[in-house]
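Asks: Provide a 3D model corresponding to the input given below.
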Amino acid sequence: MVYLINNDIEFIYERNVLYSRKLNLEQSLLSPSSRILKYLIENNGCVITQSTLFQIGWEDKLEYVTNNAFYQNISLLRKAFEILNQKNKLIINFPKKGYSLDKNVIIEIITAPSDSISIIETAETIETAETAETAETAETAETAEKNIKGTKKIRLDFLILITILIISPFYFYKSAGSNNDLYSYDYCGKDEGVNFFCEKNSIINDNQFRNIINKIKKSKSKYNYIYFRKNIHNEVGYSFLNCKSEFMIINLTPNNCISYYAIEK
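Replies: Okay, here's the model as predicted:
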């Protein structure tokens, strides 16, 4: 389903994308944001309660969602429209009642996205294929080099790995019991198969979201859980963990994660 908003912005629901014909620019949305926007469009002219939008946005994940995650998704929607040069607020909040689209917004259902966005999608596909091919070549060369190093180093690596696997569960259990840092995150959406958890009071913006997704694609990571936090010592920095599984209060096996730190320019 494709909706044309104010004769410029194409909302491609199946891809969670907003695309400006005038700017030839697209903005990606988190899945809950996309579902909320679609419901507001389909009920244009009506004020929808916050509890209803909670249900629409998160469906069976509703029990894990906090008010912070909801407000964050509304903020991301508004920010995406601002970037695409929609200066007036399209999503209006009615205190103690709910949310609605601006009464002056023009909505039209169209059959397919414009040719320009198809070109953008094709270019992204080509770039992804080239990146994957380069990564595969590098990985093959690295594997061949490791095989030459001999049996002794393999045995040493194996002993180190066993030691880490034995120690890791105790370390994670101790950390969970003393700090609880990784259990103070809110579920804030899912996109392209990746589940996002945001530290309380840390709001992820659209550029940070896209940078994280692109980083995961380039690294060919198969881990589908992201834990995002702002850097308290640097207002323009942020960090995130790319993890194999979701953190639980009790983990029978250690969780594998890759940590990243970014400074925005």
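
Asks: what are the ranges of the helices in the chain?
Replies: Ranges of helices within the chain are 31-42, 50-58, 67-83, 115-148, 151-178, 206-219, based on DSSP state H.

Asks: low pLDDT regions in the stretch 101-250 of the chain?
Replies: Where the stretch 101-250 of the chain drops to pLDDT under 70, the residues are 115-152, 167-183, 231-236, 249-250.

Asks: now do 80
Replies: Flagging of the stretch 101-250 of the chain using pLDDT under 80 yields the residue ranges 111-155, 158, 163-184, 192, 200-207, 230-237, 248-250.

Asks: residue 189 and residue 34 touch, don't they?
Replies: No - applying Cβ atoms under 8 Å as the test, residue 189 and residue 34 come out as separate, 9.2 Å apart. For glycine as for every other residue, the C-beta is placed from the backbone atoms N, C-alpha and C.

Asks: those two: which is more packed in?
Replies: It is residue 189, of residue 189 and residue 34, that has more neighbours when counted by other Cβ atoms under 10 Å, with 29 against 24.

Asks: just how off-centre is stretch 42-57 within its chain?
Replies: Distance, stretch centre to chain centre, for stretch 42-57: 22 Å (Cα atoms, centre = their mean, to the nearest Å).

Asks: what lies in contact with that stretch?
Replies: Stretch 42-57 is contacted from outside by 32-33, 35-36, 39-40, 62, 65, 70, 73, 94, 97-101, 103, 105, 107, using Cβ atoms under 8 Å, 6 or more residues apart in numbering.

Asks: what do you get if the cut-off is 10 Å, keeping everything else the same?
Replies: Under the contact criterion Cβ atoms under 10 Å, 6 or more residues apart in numbering, stretch 42-57 has outside partners 1, 3, 30-40, 62, 65, 67, 69-71, 73-74, 92-94, 96-103, 105-107, 189.

Asks: still on that earlier bit, what touches both of residue 189 and residue 34?
Replies: 16, 57, 73.

Asks: which ones are touching residue 67?
Replies: Contacts of residue 67 by Cβ under 10 Å, 6+ apart are 50, 54, 186.

Asks: try it again at 8 Å.
Replies: Applying Cβ under 8 Å, 6+ apart, no residues contact residue 67.

Asks: then residue 202?
Replies: Going by Cβ under 8 Å, 6+ apart, residue 202 touches 228, 229, 230, 238.

Asks: switch the cut-off to 6 Å
Replies: 229, 230 (Cβ atoms under 6 Å, 6 or more residues apart in numbering).

Asks: that older thread, drop anything exposed from the contacts of stretch 42-57.
Replies: Neighbour-count burial (16 or more other Cβ atoms under 10 Å) applied to the contacts of stretch 42-57 gives 3, 30-40, 65, 69-70, 73-74, 98-101, 105, 189.

Asks: give me the distance between the two termini of stretch 187-207.
Replies: 19 Å (Cα to Cα, to the nearest Å).

Asks: now find how far off-centre it is within its chain.
Replies: Using Cα atoms, centre = their mean, the offset of stretch 187-207 from its chain centre is 5 Å.

Asks: list the buried residues for that stretch?
Replies: Neighbour counts using 16+ other Cβ under 10 Å place 187-191, 194-199, 202-206 of stretch 187-207 among the buried residues.

Asks: check stretch 220-231 too.
Replies: Here stretch 220-231 shows 223, 224, 225, 226, 227, 228, 229, 230 as buried, counting by 16+ other Cβ under 10 Å.

Asks: which residue comes closest to the third one once chain neighbours are left out?
Replies: The shortest distance from residue 225 to any non-neighbouring residue, by Cβ to Cβ, 6 or more residues apart in numbering, is to residue 243 (4.3 Å).

Asks: do the same with the last one
Replies: Counting by Cβ to Cβ, 6+ apart, the nearest residue to residue 230 once its immediate chain neighbours are dropped is residue 202, at 4.4 Å.
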